[in-house]
Every structure is written in C-alpha cells, then in structure tokens.
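Engineer: pasting the sequence and the predicted coordinates here, then a few questions.
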Amino acid sequence: MSYFTPTDEQREVIDFKQGAALVKAPPGAGKTLVLTERIVRILSEPSDVRFRVLALTFTTRAAEEMRERIRTRVQEEWRRVSAGTFHAFALDVLSHYGDEVGFQSRNSIYERESDRLDTLERALEDVGWRASELEKGGLQEILGAISVRKRDLTAPTDVPPDETVAGVVLAEIYDAYNSRLRENNAYDFDDLLFLCHHLLATSPWTAKHYREMYRYILVDEAQDTSKAQYEILRVLCGEEHDNVMLVGDPDQYIYRFAGASSRFMGEFARDFRARTFVLTKNFRSASAIVVAANRLAEHLPDDSADALVMSASGRAPGKVEAASYPDEHHEARAVADLVSSILRDGVDPRSLHDVESPGCAAEEVCVLGRARYVLAPVVTELRQREMPFVHNTGRLEMFESAAFKFVYHGLRLLQNPADAMGRRSLLRECCGEDEEHAVGDPAEPLTALFQHVGDKGDGALGRIAGAFRSQISSPLELDELVASLRERAAALGGIEASDPEDEEELARVRSDLHVFGERWQKYREKTTRDGRTLAGLLGELALGGRSGLENDGVRVLTVHAAKGLEFKVVIIVGLNEGSFPDFRARSPQELAEERRSMYVAATRAGRELYLTRARQRTNQWGRVFLQQPSRFIGELGVRMRDR
C-alpha cells in the first residue's frame, strides 16, 4: 500500500489519543485508511503493557483488506490486531469460553439458509405442523421472525405467548427450532451473537479478560450495527473501557431488514460520552456525482438532519446522465452498447482531470439494480454478446462443484458426526438423493456414508471419499488432511472432459479449488500450526462466504451486493417507481431506506454515473405496463432524456 497524506480532518482522527470517539464519514472519505493509520499509530507507540487491538467490520472482505493494509505498514506487529466481523469475534469468544453457556465444542454453524429451513421444517413437525400446511413463503416468514428475536436478544420465553407468525405460535416454534439445532450440535448465525452477549453479560471474568486484552476497539460501518452487536460492544466495554471508536455514515444505512439501525451511533455518543469527528471530503467521486448525491441527501427525513454534506476532493468534473428507453429490452441493449463503448474507447475525457487516463477495465464498470429482475435483461444481453461479466445478487454458496460440496460437508461431519442436516445436505447435493437414506442416520458410522457417496459418484468422488475414510481410521494433522484433499481434488480438476456438461463441472471444480486454497491460506496466516483446528477452518469457511467477484468482467450487482465497493463507471438500471423505490416501500421509513439505497448506489461511481429506465415493461404473463420515472431522478437534479 502506498502511504497517503491525511487531510487535517483525517489527522485529527488518527492522532486522537484516549477515550470514545464517533466519526461520521461520507462515501469515499477514506475512512478505512484512517482507521488503518490510527491502528498503525497505536501499535507504533511505546507501551509497558502488551495489548491487542480489536477492529470490527461489516464484511469479511473488508476485514481482510484492513488486515493486509496494516501488515504492509507494521510487519509482524499486525498479529496484534484482530480484524473481523462481529460474528467472527463472537465465534472466537464462544470457541474459548462458550462451555459456560452450553456452547458445544464439536458443533456445526448453519450459515446456509437451506440448513436452517430444513431444521425449521422438522421443528414444525415437533409442534404438530407440516410445512405444506403453511401459505407460500410461510417457512421463510417464520425463520425471519425467529432471526429478528435473536438479533433483539429476545429468548423464546420472552416472546408473548399469543404472538403468531404464518398461523404458528412463535414462542413454541422458536423453542422447537432451537431444540432441533441443539440435537444436531448446531447453531445459526444469530445464535453466535445471542450466546456471545449472554456469555459476556453473565460471566464478569470473561468480559474482563477480553476488556484487558483489547485496549483499543474500533468499529467500521457503524450505521449497520444491530442491537445484538451494539449490546455486545456495551457489555464488552463495561463501565471502565472507553477507548472505543465508531465510524459510519447514517446516510448509508440500508440493512434495516437485517436488524441494523443507525440509531446506535447516537446511542453510542450518549452512552460513551464520545467526542464527535466529521469527515467531509469524498476522494472517490467526481464533482458532478458528489453534487447529485448531496441533492438526494437533502430529501432524507428529519431524523437524518445530521446527514453529511460532502465536497469533492479532486479536480475531475465527472458526468451524470439519464436516459429512458421504450422497454426493458431496448434499455438492456443501450446499456450493453454503452459498456462496449467504454471498454473500447474509455470514459469521456471531459469527465476526467487532465492527468487521468480514459482507459477503463471491465472490472471498473458496474451495472447496478435495486432488484434481481431488473438486471435479468442486461444479463441476457451481455451473455448473447459474449461479453465477460460477473453477476452477483447476494451471498453465494461457498462451493459449486459436487467434489467440493463433498469436501465441505465431509469436514463438517468430521467435526460434528451428530449433524443430521449435514448428512442430508451431503446426500442431496453430492448424490442427488432427496429421500432419507440409511447412511444419513447420525447413528450410522461416517465410514459408511463416505463409502456410499464415493460409490454413487461413479468413481469421480472415490479418491476424496478415501481421504475421509482414512482420516477416521488414521487421523492426520489438519495441514496434512487439507493437503490430501486439495491434491485429490486437483487431480479430479485435471481430468479431460468428454462432453460440455463434464467441462462445466470440471470448471467449477477448478474454481472451487482456487477458493478453498485462498480460504485455507488466509486461515493459515492468522494461526500457528499448533493453533489450527478443524473447527477454526470451518469457521473461516462459514463466516468468509464467497464474494462472487473473483472472476474478470463487468460487474452486474444488486445495490446491497455492491455495498463497500467502488467503480470508475456505474450504470443504474430500472429507475422506475415500483422498481427503485421498490413497490413494497410504502411507509416514510421504508421510502427513506430506498432513498439511502439510491445514495449508496450513486456514490459507488468514481467518474461517470448513468441512470436508465424503461418506459414500459412486460411481466412474466405477457402483460405490458407503463412505467413512471423514479422520484430519485428528480431528487438527484438530473434531467432524463427519452431515447
């Protein structure tokens, strides 16, 4: 990382010595660099006490970037920094001291919705229901309600006994769902925060231990903090620990559906009597984009009155343009034409500062949509033109090939043989068996299960199955086990394909091999050989996820998937009422969140921002609807031209 020269605003934050601080920072303010430099300064100062720094971020990707930046600055001292998400911190605490709250050491973390839904289906049967008796979407509705209660730190016994969801008594199904999880020695994501808070709140010794270990705590993307996360921070710090810094932007709070609320920034300022710093410079976006974003921010409700007014730091004038097209197919073709032009000729030189190059790589161009369906015509058009692109609309499964699904589920079962959902997932995803199978019974030995999967794979998975059977009879250290699995998967990935379908699967194997190798390498960097455990590796895989942005090509993303990213050119499609803002947003609060999503989308752009819409759209039944332009176009101060 090249060293940067901080502004006076940034220098104040970096040099802040002791006490609590709240930093309000708009998009492109360099807040991650500021946090990194503050950590570097803290680590560089002489101290009589050996201490660590805890840096909590919103995504694993952001934590890895921060860790890498610190490592390039302070060399081995970077190991004194624990950078991760709240969930990763919670899992670390529970892995060491979770037995005090009944956290099983040989467990599974159900990060996949399919595992949680399967568990919920069986819990429904325990209380006398079947999933088929629920209305469409009822299962997800119940799971969502349980998740909300866990994020709010509400136990089943504290749920009102007359409260129902999808016709089911919530307290009863919530308790049954938890019981089913525990039968499998399993926990879901929300359990990690719930149990970590319970542990720190009921075990003063544990809280004191972490309080003394982490002399400084920094929280990035604080506007997306949930109640459980904020309460963990409060109980971790107690009455005496106040070397805490929160950094965020209320205008970028777009995860209300996941329990986040920017109100915790205000509560932090009061609870910790924090000093407030304000950053105002946007180092990412050109002047025209900053002006448009500031205009949009003026329309946020009164409870965002402390919204930040940005100023562009550079001399690039930038460009913001808007155009409408007859229908979604014309819109998609126009977007593809624009992308082709940018990749061929570069961005408009008039958008740039004199010293900037107009050249633009495919990865610097992003097509954004509020929802998946508005992106579908663009994806189809890009695919027909054989243009390289990466399409990501949210969290992806870690692995796509049958071989690495076997590796992942196999490792889970080595860690936790009681994981009935893990057995069912392995049989379903690697063998295509939807029905219960004898070897899926947790009472059956794992060797029989691994033999069955190897046989069903027609020999293709036999080598990997053999590694798992050998591990049960003659256990290897984790490093040797992973090396053996990677070697066998690599041999499979090197097989010549006999038909196109085989070639596609082998391409998935090679991609998964790369992803697995990257996650393993990151885990190795953070741990010593003696400190590596199967539980630790599985935690890395569960919490790390897969960004879906590993490959080359134009990015085609939903707004939420683009959070934290930046591009030279951004094209926002589908800007109609009912699409963006979404038709489900009816209350002032919901519309405000849609407006913040638009603010986030617009400020992903560095030099050029294009806004498009279709004047009419055809639904899946062939019915044509006239579309009204999104209110956000006018609020951005942009004139839309008909094409």
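Structural biologist: Nice, I can see it. Nothing here was measured: the structure is a model prediction, and the numbers come from that model.
Engineer: select the longest strand from this structure.
Structural biologist: As assigned by DSSP state E, the longest strand anywhere in the chain is strand 605-618.
Engineer: quick one: buried residues of it?
Structural biologist: A605, G606, R607, E608, L609, Y610, L611, T612, R613, A614, R615, R617 (16 or more other C-beta atoms under 10 Å). Heads up, the C-betas are built off the backbone N, CA and C, glycines and all.
Engineer: ok, the closest residue to F58 other than its chain neighbours - how many residues close by?
Structural biologist: Distances taken as C-beta to C-beta, 6 or more residues apart in numbering place E221 nearest to F58, at 3.8 Å, with adjacent residues excluded. E221: 24 surrounding residues under other C-beta atoms under 10 Å.
Engineer: cool, and E487?
Structural biologist: E487 has 12 neighbours, counted by other C-beta under 10 Å.
Engineer: distance check, it against R463.
Structural biologist: Going from E487 to R463 by C-beta to C-beta, to the nearest Å gives 9 Å.
Engineer: need the helix or strand of the chain with the lowest average pLDDT.
Structural biologist: helix 500-526 (a mean of 82; mean pLDDT, DSSP states H and E).
Engineer: one step back: list the strands paired with the longest strand of the chain, with their directions.
Structural biologist: Strand 605-618 pairs in its sheet with strand 319-327 (parallel), strand 567-572 (parallel), strand 624-626 (antiparallel), by DSSP bridges.
Engineer: quick one: which of the buried residues of strand 605-618 is nearest to A467?
Structural biologist: Nearest to A467 among those: G606, at 46.5 Å, using C-beta to C-beta.
Engineer: and that closest one, what does it touch?
Structural biologist: By C-beta atoms under 8 Å, 6 or more residues apart in numbering, G606 lies in contact with R284, S285, A286, I289, E566, F567, K568, V569.
Engineer: do that again at 7 Å, thanks
Structural biologist: Residues near G606 by C-beta atoms under 7 Å, 6 or more residues apart in numbering: R284, S285, A286, E566, F567, K568.
Engineer: need the nearest residue in space to it, chain neighbours excluded.
Structural biologist: Nearest to G606 is K568, by C-beta to C-beta, 6+ apart, at 4.9 Å.
Engineer: pLDDT score for the one you found?
Structural biologist: In this model, K568 is scored at 97, pLDDT.
Engineer: what's the helix or strand in which V339 is found packed up against?
Structural biologist: Using DSSP states H and E, V339 falls within helix 328-345. Packing partners of helix 328-345 (3 or more C-beta pairs under 7 Å, 6 or more residues apart in numbering; DSSP states H and E): strand 365-369, helix 372-384, strand 567-572, strand 605-618.
Engineer: thinking again about what came up before, what's the angle between the longest strand of the chain and strand 365-369?
Structural biologist: Relative orientation of strand 605-618 and strand 365-369, computed by axes from the mean of the first three to the mean of the last three C-alpha atoms, to 10 degrees: 40 degrees.
Engineer: make residue 1 into 28 and carry on from there
Structural biologist: From this message on, residue numbering opens at 28, which makes the last subject strand 632-645.
Engineer: and strand 632-645, average pLDDT?
Structural biologist: According to the model, strand 632-645 has a mean pLDDT of 96.
Engineer: and it, how far out from the chain middle?
Structural biologist: Between the centre of strand 632-645 and the centre of its chain there are 25 Å (C-alpha atoms, centre = their mean, to the nearest Å).
Engineer: so who does P188 touch?
Structural biologist: Applying C-beta under 7 Å, 6+ apart, we find P188 in contact with A198.
Engineer: ok so it is a helix residue?
Structural biologist: No: P188 is assigned coil when assessed by DSSP: H, G, I helix; E, B strand; the rest coil, not a helix.
Engineer: isn't C223 right up against A115?
Structural biologist: No: between C223 and A115 there is no contact under C-beta atoms under 7 Å: 10.7 Å.
Engineer: pick out whichever of the two has more residues nearby.
Structural biologist: Under the criterion of other C-beta under 10 Å, the comparison of C223 against A115 puts C223 first, with 29 against 21.
Engineer: now the helices for the stretch 78-227 of the chain?
Structural biologist: For the stretch 78-227 of the chain, applying DSSP state H, counting those that start in this stretch gives helices covering 87-101, 113-124, 140-153, 165-178, 197-210, 216-229.
Engineer: rebuild these as JSON lines, extending it with mean pLDDT and distance to L568.
Structural biologist: Output for these, formatted as JSON lines (pLDDT from 0 to 100; distance: least, C-beta to C-beta, whole Å):
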{"stretch": "helix 87-101", "mean pLDDT": "86", "distance to L568": "11"}
{"stretch": "helix 113-124", "mean pLDDT": "95", "distance to L568": "12"}
{"stretch": "helix 140-153", "mean pLDDT": "93", "distance to L568": "14"}
{"stretch": "helix 165-178", "mean pLDDT": "95", "distance to L568": "21"}
{"stretch": "helix 197-210", "mean pLDDT": "97", "distance to L568": "19"}
{"stretch": "helix 216-229", "mean pLDDT": "96", "distance to L568": "14"}
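Engineer: A465: which of those helices is closest?
Structural biologist: For A465, the closest of the helices of the stretch 78-227 of the chain is helix 140-153, at 18.1 Å, according to C-beta to C-beta.
Engineer: so which elements touch the closest one?
Structural biologist: Against helix 140-153 (3+ C-beta pairs under 7 Å, 6+ apart) you get helix 165-178, helix 197-210, helix 447-458.
Engineer: just want the angle from it to helix 447-458.
Structural biologist: Using the same axes, to 10 degrees: helix 140-153 against helix 447-458 is 130 degrees.
Engineer: give me the contacts around helix 140-153.
Structural biologist: For helix 140-153, contacts defined as C-beta under 7 Å, 6+ apart pick out 137, 157-158, 166, 169-170, 200, 203-204, 207-208, 215, 448, 451-452.
Engineer: now a PyMOL select for only the buried ones of these.
Structural biologist: To isolate the buried subset of the contacts of helix 140-153 in PyMOL, counting by 16+ other C-beta under 10 Å, use the following:
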select buried, resi 137+166+169+170+200+203+204+207+208+215+448+451+452
